[in-house]
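Asker: kindly generate the corresponding structure for this input.
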Amino acid sequence: MMSEAGDEVVVREGRYWRIEVGGRVRGKEGKRLVIRREGKGKVVVQGGIEIKGEAGYVSVEGIEVVGDGVRVDGKANEVRDCYIHDLPGKTGIEVRGEGHRVVGNRVERVSFGMVVWGKGHLIEGNEVCRLVWGSGVNDCDYVRFFGEGHIFRRNYLHGTKKEEVGPAHVDGWQTYAVNPGEYARDILIEGNILTDHFMHGVMMEGRKEWGGRAYSAENITISNNVFTNCLSVGMVFGVRNVQWVNNTFVGVRRRGMGITFRPAVDGTPVTAKVRNNIFYDSDWYEIRMMRPTEGCILEGEGNLLFRSTLPAGVRKMDPLLVAPTDPIGPDGIPFTADDGYILRQGSPCIDAGVTADDAGVTRDILGMSRPQGAGWDIGAYEVQGRAPAGEEIQAGRL
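Answerer: Modelled structure (predicted):
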């Protein structure tokens, strides 16, 4: 009997070769086809999961995947609460098509955590940890993204060890335009935590007059994120309208840099705004434009830069983080009330930011609305329970 829209396929505990969904097997709007494990039983798929291009409104839930990754195409499909692991040289989850949700999965010991194409996907609440080098690859990255309208929210990327990724240039998020179909626009990277070994938090390169578009990369917002222990926060080449808003960056490594902007190799100018970010305990503090060409614009306001020994001209002001060496706090769980980069009372970051709701950033990393007091706080975390908006307060501008 063939499954139909609205059916629920319950998979008993055991080991299976592969799950493929396509052809006439699909759901429809309001009647999803759900494939899930039975109760708390362990269902292991040894040859991967593929939701094909003709499939739509299909949900796969709670499956353990080894041997090959998960591939999602079609429209409005969902992969939820799956465990994908031990795939050196392979990608954990690859997403194409339109309007998918990838939520609450754990991806571990793969070479590429996720590769996202297509339009309008939500990538939320996933854990990608401990990338590893594998045969047949020339790099390792947590996330590569192409297409448009994607949201990357509340993902926890961590655990990679330098000795396990060989020569890989590990980035948190990366996009570029080298091959046909590679572009990125209207992307939101919001409220994620990225830590342990990696090179650049976000690496982006755009081109002009690419694939029928005036620019290959534009309208990308990075907000309310925590990055710690990196070579640089970001490298931005030839991308239009990039916004870095209310992030907390801790521990840029020796010989590293903050955020670098420059034209692309074809001369495409970069335009960017950098507002309300904390740069803490880093060897280099730079928000810089390299080799600017006509049309390059860089604006910065409301940022706080701190280190006990600072270069000339940089203001010393401790943001008073609760636990600068422990980003996720003593409970070991990210995105909770004991996260280490929450601001202590008396922090100079409180109410000292600039209004940035034009970037669509109206909440903090924990979902709290901004502002909570007389002004926006600087950094990823807004402090709750302060003087109401309208009370006069001296706000710093750096």
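Asker: what's the offset of stretch 103-113 from the middle of its chain?
Answerer: Taking CA atoms, centre = their mean, to the nearest Å, the mean C-alpha location of stretch 103-113 is offset from the chain mean by 13 Å.
Asker: pull the residues that contact that stretch.
Answerer: With contact meaning CB atoms under 8 Å, 6 or more residues apart in numbering, stretch 103-113 is reached by 69, 78-93, 114, 122, 124-134, 137, 139-144, 157, 159, 168. For glycine as for every other residue, the C-beta is placed from the backbone atoms N, C-alpha and C.
Asker: next: stretch 116-128.
Answerer: So stretch 116-128 is contacted by 92, 94-108, 110, 113-114, 142-158, 181 (CB under 8 Å, 6+ apart).
Asker: filter these to the buried ones?
Answerer: Taking 16 or more other CB atoms under 10 Å as the criterion, what is buried in the contacts of stretch 116-128 is 92, 94-108, 110, 113-114, 142-158.
Asker: which of these fall in helices?
Answerer: Secondary structure from DSSP state H places none of those in helices.
Asker: sitting in strands, which of the contacts of stretch 116-128 do you find?
Answerer: Among the contacts of stretch 116-128, the members found in strands (DSSP state E) are 92, 94-95, 101-103, 106-108, 110, 113-114, 142-145, 147-148, 151-153, 156-158.
Asker: could you check how far stretch 13-24 is from the centre of its chain?
Answerer: The answer for stretch 13-24 is 30 Å, by CA atoms, centre = their mean.
Asker: just the buried positions in it, please.
Answerer: Buried residues in stretch 13-24, defined by neighbour count with 16+ other CB under 10 Å: 19, 21.
Asker: state the number of residues packed around the closest residue to residue 19 other than its chain neighbours.
Answerer: Spatial nearest neighbour of residue 19, chain neighbours left out: residue 49 (4.5 Å); criterion: CB to CB, 6 or more residues apart in numbering. Neighbour count for residue 49, taken as other CB atoms under 10 Å: 22.
Asker: same thing with residue 134?
Answerer: 18.
Asker: the nearest residue to it once chain neighbours are set aside and residue 138: what is the separation?
Answerer: Spatial nearest neighbour of residue 134, chain neighbours left out: residue 89 (2.5 Å); criterion: CB to CB, 6+ apart. For residue 89, the distance to residue 138 equals 11 Å [CB to CB, to the nearest Å].
Asker: the more surrounded of these two?
Answerer: Set side by side, residue 89 and residue 138 show more neighbours around residue 89, with 14 against 9, by other CB under 10 Å.
Asker: who are the contact partners of the more buried one?
Answerer: With the criterion set at CB under 8 Å, 6+ apart, residue 89 makes contact with 111, 133-137.
Asker: just checking, which of these belong to strands?
Answerer: Cross-referencing these against strands under DSSP E gives residue 111.
Asker: greatest separation within the contacts of residue 89: which pair is it?
Answerer: Greatest spatial distance among those (CB to CB): 133 and 136, at 10.3 Å.
Asker: okay, these two: which has more neighbours?
Answerer: Shown here are residue 133 and residue 136; by other CB under 10 Å, residue 133 has more neighbours (17 against 8).
Asker: can you pull the pLDDT of the more buried one?
Answerer: If you check residue 133, the pLDDT there is 96.
Asker: what's the neighbour count on the closest residue to it other than its chain neighbours?
Answerer: The shortest distance from residue 133 to any residue other than its chain neighbours is 3.9 Å, reached at residue 166 (CB to CB, 6+ apart). Neighbours of residue 166 under the rule other CB under 10 Å: 12.
Asker: I'd say residue 166 and residue 131 touch.
Answerer: No: counting by CB atoms under 8 Å, residue 166 does not reach residue 131; the two are 10.6 Å apart.
Asker: rank the helices and strands of the protein by mean pLDDT and give me the bottom one.
Answerer: Least confident helix or strand, the chain: strand 287-289 with a mean of 58, by mean pLDDT, DSSP states H and E.
Asker: that one: what's the following helix or strand?
Answerer: Counting by DSSP states H and E, the next helix or strand C-terminal to strand 287-289 is strand 297-301.
Asker: which strands and helices sit next to the next helix or strand after that next one?
Answerer: Sequence order places strand 304-306 as the next helix or strand after strand 297-301, per DSSP H and E. Here strand 304-306 touches strand 278-280, going by 3 or more CB pairs under 8 Å, 6 or more residues apart in numbering; DSSP states H and E.
Asker: and the strand it packs on, how far out from the chain's middle?
Answerer: How far strand 278-280 lies from its chain's middle: 18 Å, per CA atoms, centre = their mean.
Asker: for the residue lying closest to residue 164 once chain neighbours are set aside, what are its contacts?
Answerer: Nearest residue to residue 164, sequence neighbours excluded (CB to CB, 6+ apart): residue 132, at 4.9 Å. Applying CB under 8 Å, 6+ apart, we find residue 132 in contact with 88, 109-111, 140, 164-165.
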